[in-house]
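Asker: Curious how this folds, go ahead:
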Amino acid sequence: MPDVDLQHLRSDRPPLGARLSQLIIEWIREEQLTDGDPLPSEKELAEKFGASMRVVRDALRLLSQHGVIRTSQGRRAEVSELRPVAVGSYFRLMLDSHDGALRDFVEFRTVLEVTAAGLAAERASDANIDALTDVLDQLEKLGNNRIPERAELDLAFHVGIVNSTDNQFLKATMEALAEVLTTERQRNLSTTESMGMTHDESDREHREILAALRTRDSEEAERLMRSHLDRVRRNILTWLSRG
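Answerer: Here you go, the predicted structure:
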């Protein structure tokens with residue numbers, strides 16, 4: 001990538017640091033840098049892109065916040081796995097802010113996972129289906145009162161469906177939300193048990209979704225996933241109303 005003169009950008013919005021961060025991302029892709037590869041020094045970046053040291057530091061700070069690079073004291077910045085760290089941080093903040101955010105989060109999950117279920121029915125490999133079957137086998141053996149283990153396996157099933165879509169944006173979103181989804185699962189499972197209910201209905205719904213994936217019925221997979229998440233949302237609303 002040729003050196004870029006940023007002088008013509010000085011009257012533009014957004015700020016120069018944000019614009020430079022995009023140029024650095026493009027350069028990383030063109031150079032085919034991967035996880036752990038070092039970036040040039042701040043001085044070298046400033047010379048390469050015709051930017052001030054302050055602008056370079058602003059750009060690196062933004063890239064670090066968004067998980068594109070890793071930085072540490074006294075060492076050069078290096079390329080990260082390009083995980084959308086900022087997305088997960090934002091959702092954690094929102095969920096911790098008030099109980100009503102939990103309802104909104106389940107609605108967001110519905111938008112994402114219903115579409116994913118339909119795509120997975122079309123694209124899932126036999127290995128994907130076998131892996132999902134194994135997860136459900138383990139899940140059903142747990143029974144009740146095993147919330148941490150159940151939450152982990154429940155999440156593995158839903159993440160497995162999204163991964164089966166082979167859609168990089170859907171997969172990245174689920175990866176970014178992994179920690180938030182684990183917390184949300186534990187809350188949902190605790191809510192179910194506090195209401196005197198078992199997890200049998202959830203297990204049955206998971207099996208029905210898996211059956212639709214196995215028969216490549218995308219419409220049925222979407223319908224079943226929507227129904228499953230609607231029930232989760234209703235349980236949350238019931239729990240919130242008791243508070």
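
Asker: Give me the distance between Thr133 and Leu213.
Answerer: Per C-beta to C-beta, to the nearest Å, Thr133 is found 10 Å from Leu213. (Glycine included, C-beta is placed from N, CA and C.)

Asker: Hmm, I typed the wrong one, I wanted Asp96.
Answerer: From Asp96 to Leu213 the distance is 33 Å (C-beta to C-beta).

Asker: Of the two, which one has the most company?
Answerer: Leu213 (28 against 10; other C-beta atoms under 10 Å).

Asker: I'd assumed Thr198 was in a strand, is it?
Answerer: No. Using DSSP: H, G, I helix; E, B strand; the rest coil, the secondary structure at Thr198 is coil, not a strand.

Asker: what's it sitting at in phi/psi?
Answerer: phi -100, psi 180 (degrees, to the nearest 10).

Asker: count of neighbours near Glu184?
Answerer: Glu184 has 22 nearby residues by other C-beta under 10 Å.

Asker: repeat for Arg187
Answerer: Number of residues near Arg187 (other C-beta under 10 Å) recorded here: 18.

Asker: Quick one: mean pLDDT for the helix or strand harbouring it?
Answerer: Using DSSP states H and E, Arg187 falls within helix 178-194. Helix 178-194 shows a mean pLDDT of 76.

Asker: got a list of contacts for it?
Answerer: By C-beta atoms under 8 Å, 6 or more residues apart in numbering, the residues outside helix 178-194 that reach it are 88, 91-92, 95, 102, 105-106, 144-145, 147-148, 150-152, 154-155, 158-159, 174, 198-199, 202, 232, 235-236, 239.

Asker: Over to stretch 39-46?
Answerer: With C-beta under 8 Å, 6+ apart as the criterion, stretch 39-46 contacts 24, 28, 33, 48, 51-53, 55-57, 59-60, 69, 76-79.

Asker: show me where this protein has strands.
Answerer: Secondary structure of the chain by DSSP state E: the strands cover 69-72, 75-79.

Asker: can you dump the C-alpha coordinates of the longest one into CSV?
Answerer: The C-alpha trace of strand 75-79 is given here as CSV (Å, rounded to 0.1, in the frame of the first residue of the first chain):
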residue,chain,number,x,y,z
ARG,A,75,6.2,-3.5,23.0
ARG,A,76,5.0,-2.9,19.5
ALA,A,77,1.3,-3.3,18.8
GLU,A,78,0.4,-6.6,17.2
VAL,A,79,-2.5,-7.9,15.2
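
Asker: Buried residues, that strand. List them.
Answerer: For strand 75-79, the neighbour count (16 or more other C-beta atoms under 10 Å) marks 77, 79 as buried.

Asker: by contact count, what packs against it?
Answerer: helix 53-65, strand 69-72 (3 or more C-beta pairs under 8 Å, 6 or more residues apart in numbering; DSSP states H and E).
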